[in-house]
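Student: Sequence and predicted structure below; questions after.
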Amino acid sequence: MIRAFILALLMPLAVQADTMRMAVTTSFNNSGLADVLLPAIEADTGLQVQLLVVGTGQALRLGAAGDVDAVLVHSRTAEEAFVAEGSGTHRREIMYNDFVVVGPVDDPAGASDAATAADALTRISETAAPFVSRGDDSGTHKAELRLWDSAGIAPEGDWYRPVGAGMGAALNTAAGMGAYVLSDRASWLNFGNKDGMAIAFQGDPVLFNQYAYLPVNPAKHDHVKAEAAARLEDWLVSPKAQALIDGYRIAGEQLFTFNAQR
Amino acid sequence: MVSALPLHLEAATLRRRGRVLVGPVDLSLDARDGGVTVVIGPNGSGKTSLLRMMHGLQRAEGQVRWALPADEARQRQAYVFQQPIVLRRSVLANLAFPLRLRGVPRPAAFAQAEEQAARFGLTGLLRQAAPSLSGGETQRLALARALITQPEILFADEPCAALDGSATREIEARLVEAAQSTRLVMATHDMGQARRIASEVVFLLHGKVHETGPAGAFFAGPKTEAAAAFLRGDIVE
Amino acid sequence: MDDLIAGLAAAFRLIVTADPELIEISIRSLQVTLTAVAIGCLLGLPLGAWLAVRRFRWRRGVIATLNALIGLPPVVVGLVVYLMLSRSGPFGVLGLLFTPTAMIIAQVIIVTPLVASIAHQAMRELWAEYHDLLISMNATKTQRILTLLIDGRRALLLAALAGFGRAIGEVGAIMIVGGNIDGATRVLTTAIALETGRGDFALALGLGIVLIVLSLLISGASHWAMRTERQGRW
Ligand SMILES: Nc1ncnc2c1ncn2[C@@H]1O[C@H](COP(=O)(O)OP(=O)(O)OP(=O)(O)O)[C@@H](O)[C@H]1O
Ligand SMILES: [Mg+2]
């Protein structure tokens, strides 16, 4: 027993390879794309990228505190503020995916007949069909609030349920309640508990979701691995990355569209 | 050789929550080898309290003065409690314990412990857990352990209480043997035992030393009425 | 019901195929928890014994604080350690955030008060029993504490077990300070939280079963060690 303790104490707990840390959003990680990209990154650049999977708000805060070397998120205004305050050196758009409105298969609000995203949300609020909101200040949550705003609705009442949780947990809650929920397509396709739920609305360009890569500013935090972050950026905009991103499929569907400027 | 004795008590008093348990006591213990001081008195008269006070287990008022500094003096004493305390270890480890505390290396301490066990008839019990010993065996272990450091002075608080005749005689024999080289202070209820081994008597009553003197004179003709009554077996109030 | 059966099947598959990721996560879980418990015992056991043996002015206060610390919500511990270790926090230069070391630090803080408190209870009883003897034999303070620790080792083993139980199943604090990084700081509990979040109940349940089996094994082993000890020489 004692010997085991001592051994455990002496054993190095983490191998120090050429590593860097990147904060990414839950939705990106849940898409499964990371599982395809990370091995390729390691093979091509020798970089071991450690992902911190958090909400957009926390991801940017981790970058601002210098606890990660780069950030990959999808919330344009917050990203621009991040660069403006000097926490990041610049913002580089990489790819986009889109949001979908998920709801009960029988679609009580008739959202599938809507012409626009705003119209779909209006129908939900008018029928007071239950709607689960992330309520966690994430990029998805912010996108949802922008949509309500464009529909001219202030969502309030018993039918509107902010859960303050990640995408998977929000989908779980919605499935349990028979509620509508705004989800990124990737999280939805990867979600294992789809029983009784289906996409109620999709395709409106306002639902597109732009991902951007932001290296943390080494002038603010001198320990930041700026060289590694630059190497990762070069890879992310490479044709190899483009092929992997555009080629990624779940259940035969393409999730992400590469749109980086070289 | 320097000695912890003589021990002088001057107006020594033990108090607990305002109540005097024993004292004030004025008493001297000289360095005479082979001396056996027997402390007698009715239940609750303060025998245990007196022994504990002398040994320094409780802080006393007045003076409890050894010929050596308190810490060095303690190192030359041993105590056998009225309710024997054994460690939750084997008999062997219990015997070796005082030596180990004094820094004797383990093999040497264990070898000495085995010799001591042989002297006290504990050899067959060496590997047994001490808390599982019988009452008599426990008393024997406690005495053997107390004597393993060859103390200059041994306090024994009713070491034969609750033992049958043969066990009592056996413990008594060990005590007499030990008294060859150790000053012995023993509390007892057994007047026969007191007569057999005492060289000096302290008779306690209501927490005070009521009468004290050489054993021969005391048992032949106690000076106080209470002591006489106690020796007769009367109830002493 | 289906989820439960699927979970059992997934767990079975993971174990039988000796899934490398599962093994890596389990070993890391054990490494972090055992290290934290070992350090927690190194600190908590002597502290508990010391509190039982020494009378000093702030003793009651320290004991009360200890008992209050047991109820400390792990997420709060995690948050505080996070803020301390963050690059913009006071210990940021150490670069420990999101490493197993950070997880160990958080768990040590969670485990130590529990271990110390249980040790204190046990040591207090033993000390009441041994007090007169140890004073009479002129044992030094260190010797007194050592004697209590050695003779009370069964109770101390239970204290360590309780600490282990609390640490191995803990998720809030290590999620925050470890970051649940795949291949670096992902342990059983955080992996379960992740899989549940993804709606992958089968895998989550599978990992949960592994976790339960693991802690049953360890506690069984300790009980076994305790019994053989009792039959032997004490
Ligand atoms: N720790 C204590 N607190 C309060 N009172 C005590 C304490 N220890 C002893 N006493 C009291 O002091 C008195 C003397 O007790 P002591 O144990 O010295 O008597 P004793 O002569 O040894 O009796 P016995 O023959 O029954 O062993 C008793 O009345 C006892 O109740
Ligand atoms: Mg008594």
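Tutor: Received it, and whenever you're ready, just let me know what you need. Ligands and ions are numbered 1, 2, ... in the order given.
Student: now what about the helix or strand hosting residue A:243, what contacts it?
Tutor: Assigned by DSSP states H and E, residue A:243 belongs to helix A:239-247. Where contact means CB atoms under 8 Å, 6 or more residues apart in numbering or on different chains, the residues beyond helix A:239-247 that reach it are A:33, A:36-37, A:40, A:44, A:94-95, A:235, A:254, A:256-258, A:260. From N, CA and C alone the C-beta is placed, and that goes for glycine too.
Student: just stretch C:154-171 next, same as before
Tutor: Residues outside stretch C:154-171 that contact it (CB under 8 Å, 6+ apart): C:29-30, C:33-34, C:36-37, C:40-41, C:44-45, C:48, C:74, C:107, C:110-112, C:114-115, C:118-119, C:121-123, C:126, C:149, C:188-190, C:192-193, C:211, C:214-215, C:218-219, C:222, C:225-226, C:229-230.
Student: Quick one, which of the residues you listed are buried?
Tutor: Buried subset of those (neighbour count, 16 or more other CB atoms under 10 Å in any protein chain shown): C:29-30, C:33-34, C:36-37, C:40-41, C:44-45, C:48, C:74, C:107, C:110-112, C:114-115, C:118-119, C:122-123, C:126, C:149, C:188-190, C:192-193, C:211, C:214-215, C:218-219, C:222.
Student: ok, which of those residues also contact chain B?
Tutor: Filtering these for neighbours of chain B using CB under 8 Å from any CB of the partner chain leaves residue C:126.
Student: Which ones among the buried ones among the contacts of stretch C:154-171 map onto helices?
Tutor: Taking DSSP state H, the ones among these that sit in helices are C:29-30, C:33-34, C:36-37, C:40-41, C:44-45, C:48, C:74, C:107, C:110-112, C:114-115, C:118-119, C:122-123, C:126, C:149, C:188-190, C:192-193, C:211, C:214-215, C:218-219, C:222.
Student: can you pull out the strands in chain A?
Tutor: A:19-25, A:48-54, A:70-73, A:92-104, A:131-133, A:160-162, A:180-184, A:197-201, A:208-215, A:249-250, A:253-254, A:257-258 (DSSP state E).
Student: Ok, which of the ones you listed comes nearest ligand 1?
Tutor: For ligand 1, the closest of the strands of chain A is strand A:48-54, at 61.7 Å, according to CB to the nearest ligand atom.
Student: So that closest one, near chain C or not?
Tutor: Yes. Shown here: strand A:48-54 in contact with chain C (CB under 8 Å from any CB) through A:48, A:50, A:51, A:52, A:53.
Student: Not counting its neighbours along the chain, what's nearest the last one?
Tutor: Of all residues beyond its chain neighbours, the one nearest residue A:53 is residue A:29 (4.3 Å), with distances taken as CB to CB, 6 or more residues apart in numbering or on different chains.
Student: and the most centrally placed residue in chain B, what does it touch?
Tutor: By CA atoms, centre = their mean, the mean C-alpha position of chain B lies nearest to residue B:156, the distance being 1.7 Å. By CB under 8 Å, 6+ apart, the residues touching residue B:156 are B:79, B:80, B:143, B:146, B:175, B:184, B:185, B:186, B:187.
Student: Surely it forms part of a strand?
Tutor: Yes. Residue B:156: assigned to a strand according to DSSP: H, G, I helix; E, B strand; the rest coil.
Student: Within the helices and strands, which one has the closest residue to ligand 1 within chain C?
Tutor: Using CB to the nearest ligand atom, the closest approach of chain C to ligand 1 is made by residue C:132 at 11.1 Å. Assessed by DSSP H and E, residue C:132 sits inside helix C:100-136.
Student: That helix and chain A, are they touching?
Tutor: Yes. Contact between helix C:100-136 and chain A, assessed by CB under 8 Å from any CB, occurs at C:100, C:101, C:104.
Student: Around the second one, how many other residues sit close by?
Tutor: In this case it means residue C:101. By other CB atoms under 10 Å in any protein chain shown, 20 other residues sit near residue C:101.
Student: try the last one
Tutor: Neighbouring residues of residue C:104 were enumerated by other CB under 10 Å; the total is 28.
Student: hang on, the earlier thing: could you export the residues of helix C:100-136 next to chain A as TSV, including distance to residue A:153?
Tutor: Shown next, in TSV, are these (distance: CB to CB, whole Å):
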residue	distance to residue A:153
C:100	47
C:101	49
C:104	49
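Student: Tell me, what's the model's pLDDT at the residue in chain B that chain A sits nearest to?
Tutor: Chain A sits closest to residue B:106 of chain B, with a gap of 18.5 Å, by CB to the nearest CB. For residue B:106, the model assigns a pLDDT of 94.
Student: so what pLDDT did residue B:234 get?
Tutor: Reported pLDDT at residue B:234 in the predicted model: 79.
Student: Any stretches of chain B with poor pLDDT?
Tutor: For chain B, applying pLDDT under 70 flags the ranges B:1, B:32-34, B:237.
Student: Send me the one helix or strand residue B:138 maps to as CSV with only the CA atoms.
Tutor: Following DSSP H and E, one finds residue B:138 within helix B:135-147. Coordinates of each C-alpha in helix B:135-147 appear next as CSV, following Å, rounded to 0.1, in the frame of the first residue of the first chain:
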residue,chain,number,x,y,z
GLY,B,135,-7.1,-10.2,34.3
GLY,B,136,-4.3,-12.0,36.1
GLU,B,137,-2.2,-12.3,32.9
THR,B,138,-2.7,-8.6,32.3
GLN,B,139,-1.5,-7.7,35.8
ARG,B,140,1.6,-9.8,35.3
LEU,B,141,2.3,-8.2,32.0
ALA,B,142,1.9,-4.7,33.5
LEU,B,143,4.3,-5.5,36.3
ALA,B,144,6.8,-7.2,33.9
ARG,B,145,6.7,-4.2,31.6
ALA,B,146,7.1,-1.7,34.5
LEU,B,147,10.2,-3.5,35.7
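Student: name the helices or strands packed onto it?
Tutor: strand B:77-80, helix B:91-101, helix B:106-119, strand B:153-157, helix B:165-178 (3 or more CB pairs under 8 Å, 6 or more residues apart in numbering or on different chains; DSSP states H and E).
Student: Which residue, other than its chain neighbours, is closest to residue 194?
Tutor: Answering for chain A, as no chain was given. Spatially, and ignoring its direct neighbours in sequence, residue A:194 is nearest to residue A:175 (7.4 Å; CB to CB, 6+ apart).
Student: Hmm, no, I was thinking of chain C.
Tutor: What sits nearest to residue C:194 in space, not counting adjacent residues and going by CB to CB, 6+ apart, is residue C:180, at 6.2 Å.
Student: Just give me the neighbour total for the one you found.
Tutor: Residue C:180 sits with 23 neighbouring residues when counted by other CB under 10 Å.
Student: So it lies in a strand, does it not?
Tutor: No. Residue C:180 is assigned coil when assessed by three-state DSSP, not a strand.
Student: What separation do you get for residue C:29 and residue C:96?
Tutor: Counting by CB to CB, to the nearest Å, the separation of residue C:29 from residue C:96 is 19 Å.
Student: Skipping adjacent residues, who's closest to residue A:151 in space?
Tutor: Leaving aside its sequence neighbours, residue A:151 sits nearest to residue A:118 (CB to CB, 6+ apart; 3.8 Å).
Student: contacting residues around the one you found?
Tutor: By CB under 8 Å, 6+ apart, the neighbours of residue A:118 are A:147, A:150, A:151, A:152, A:206.
Student: can you count the residues close to residue B:166?
Tutor: For residue B:166, using other CB under 10 Å, the count is 9.
Student: Return the residues of chain B in contact with ligand 2.
Tutor: Within chain B, the positions lying close to ligand 2 (CB under 5 Å from the ion) are B:47, B:48, B:82.
Student: How is chain A partitioned into domains?
Tutor: Following automatic domain parsing, chain A resolves into domains at A:2-96+A:208-258, A:97-206.
Student: mean pLDDT for those: which is lowest?
Tutor: Here these differ in mean pLDDT, and the lowest is domain A:2-96+A:208-258 at a mean of 86.
Student: ok, now which ones touch residue 150?
Tutor: Looking at chain A here, since you left the chain open. Contacts for residue A:150 (CB under 8 Å, 6+ apart) come out as A:117, A:118, A:206.
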